[in-house]
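[1] A predicted structure for the sequence below; I have some questions about it.
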Amino acid sequence: MNNRIHLIKALVVFIIGTTINLNAQETVPFFNEVQELSQKYDTIWDPTQETIVFTGSSSVRMWKNLPSLFPGHQILNTGFGGSQASDLLYFLDDLVLKYNPKKVFIYEGDNDIFAKKKPKEVIFTTEKIIDRLKQNDPTVKIILLSAKPSLSRWKFRGKYKKLNRKLRRLTQKDESLDFIDVWTPMMDGRKVKNDIFISDGLHMNQKGYDLWYMAVKDFVNNPKTIK
């Protein structure tokens, strides 16, 4: 009788614990999207090939033809949702670390500034991401993309420029880090180009991504870090 009672108690505890865990997962932003991405790449990733990961927010996520632009490389695009740097840090294992990449391209900060986070907060979280990546592989090359200008968020341009200056300075302290300026090629003088976005004025059309391709291609193809 006592054994049956103990068994029932254990079963109740298990069910409650599982329910709490599932509820917690449902409240974590982007949880389901990240799990789907992870499962997708688990089936197609070849661990015998050198891997390059592009990750970050929706500007990366919506770069649909990215892998096909570099047919000589195994590229995983793990951009997700409208993520912030803190979200990437949370999901770093699932989206980056388990694929043991030799290069990681990161685009975060755009949504952070829009959410009224200070540039120094973004840098603090970015440094944590870098530390985690290096703990996984001290030889990894990490490339930080600048925040981009956009029509819909133009009023925040001062904070974006400040963040970009801080990101650039961060990469200058470490030979394993690089910085890609996507801000400048998206500008027409002092104004952001208005023909490189889709209707929301935030996300890019193919013309915008063509500019990004020109900015990143040498960093992908060159086996050495470019300074």
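    Happy to help now that I have it. Numbers count the residues shown, from 1 in each chain.
[2] let me see the contact set for the most centrally placed residue in the chain.
    By Cα atoms, centre = their mean, the mean C-alpha position of the chain lies nearest to Gly56, the distance being 1.7 Å. Neighbour list for Gly56: 79, 83, 88, 105-108, 145 [criterion: Cβ atoms under 8 Å, 6 or more residues apart in numbering]. In short, each C-beta sits where N, CA and C put it, glycine included.
[3] who does the helix or strand that contains Ile52 pair up with?
    Per DSSP states H and E, Ile52 falls inside strand 51-56. Here strand 51-56 is paired, per DSSP bridges, with strand 74-77 (parallel), strand 103-107 (parallel).
[4] just name the most buried of these.
    strand 103-107 (a mean of 25; mean count of other Cβ atoms under 10 Å).
[5] tell me what the very next helix or strand once past that one is packed against?
    Per DSSP H and E, the first helix or strand lying C-terminal to strand 103-107 is helix 110-114. With contacts defined as 3 or more Cβ pairs under 8 Å, 6 or more residues apart in numbering; DSSP states H and E, helix 110-114 has these neighbours: helix 119-136, helix 157-172.
[6] how about those helices in CSV, adding distance to Pro101, mean neighbour count and mean pLDDT?
    Below are the helices and strands packed on helix 110-114 laid out as CSV (distance: least, Cβ to Cβ, whole Å; neighbours: other Cβ atoms under 10 Å; pLDDT from 0 to 100):
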stretch, distance to Pro101, mean neighbour count, mean pLDDT
helix 119-136, 8, 17, 98
helix 157-172, 17, 17, 98
